[in-house]
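[1] sharing a model that was predicted from the sequence below.
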Amino acid sequence: MEKRKLGEQLVITVDKKKHLMKEVEGWENHIREVCIVNESGEVRMVFAKDLGILNEGGLLPCPFCGRYPEHRIDEFGGHQLFCDGESHYCSVGSFKTEQEAIDEWNKRA
Ligand SMILES: [Zn+2]
């Protein structure tokens with residue numbers, strides 16, 4: 001298993017798919033115990049909640065329908081990510097860079 005620390009969110013490869021996980025305090029339903037290695041090589045076990053599988057763009061699926069969001073540039077040149085579903089519209093605001101929009105989307109998903 002490959003581990004990488006990404007702020008308080010962790011990208012962990014399970015069955016060749018990248019899962020975004022969030023470190024949590026203790027064990028409950030849907031929480032996994034994962035092993036993480038920090039930059040100085042220290043290994044520790046943490047509890048993490050599996051937030052979902054990342055696509056090639058590093059995005060989590062929409063929390064309402066499970067599809068991956070679409071990206072667009074708005075009239076002010078900002079980056080937006082949105083899911084225009086049948087019964088919901090889910091989006092993050094406008095960001096200077098696509099990466100900022102991705103980070104925000106993944107926090108909400
Ligand atoms: Zn959706």
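    Looks like it came in fine.
[2] report the separation between the most far-flung residue of the chain relative to its centre and I31.
    Within the chain, E75 marks the point farthest from the mean C-alpha position, 26.3 Å out by Cα atoms, centre = their mean. Remark: distance between E75 and I31 (Cβ to Cβ, to the nearest Å) = 42 Å. Just so you know, the C-beta spots here come from the backbone N, C-alpha and C atoms, and that holds for glycine as well.
[3] check G66 too.
    Distance, G66 to I31, by Cβ to Cβ: 20 Å.
[4] the two: which has the busier surroundings?
    Neighbours were counted for G66 and for I31 using other Cβ atoms under 10 Å; I31 has more, 17 against 12.
[5] domain parsing for the protein?
    As recorded under automatic domain parsing, the domains making up the chain are 3-53, 70-108.
[6] among these, which is nearest the ion?
    Set against the ion and scored by Cβ to the ion, those come closest in domain 70-108, at 3.4 Å.
[7] how about the residues of this protein near the ion?
    Within the chain, the positions adjacent to the ion are 62, 64-65, 83, 85 by Cβ under 5 Å from the ion.
[8] buried set for the strand ranked longest in the chain?
    Longest strand of the chain, by residue count under DSSP state E: strand 43-53. Within strand 43-53, the residues that count as buried by 16 or more other Cβ atoms under 10 Å are 47-48, 50-53.
[9] state the next helix or strand along the chain beyond the helix or strand of the chain with the lowest mean pLDDT.
    Counting by mean pLDDT, DSSP states H and E, the chain has its least confident helix or strand at strand 3-6, which shows a mean of 50. Using DSSP states H and E, the helix or strand that follows strand 3-6 in sequence is strand 9-14.
[10] since that was my last question, I'll sign off now.
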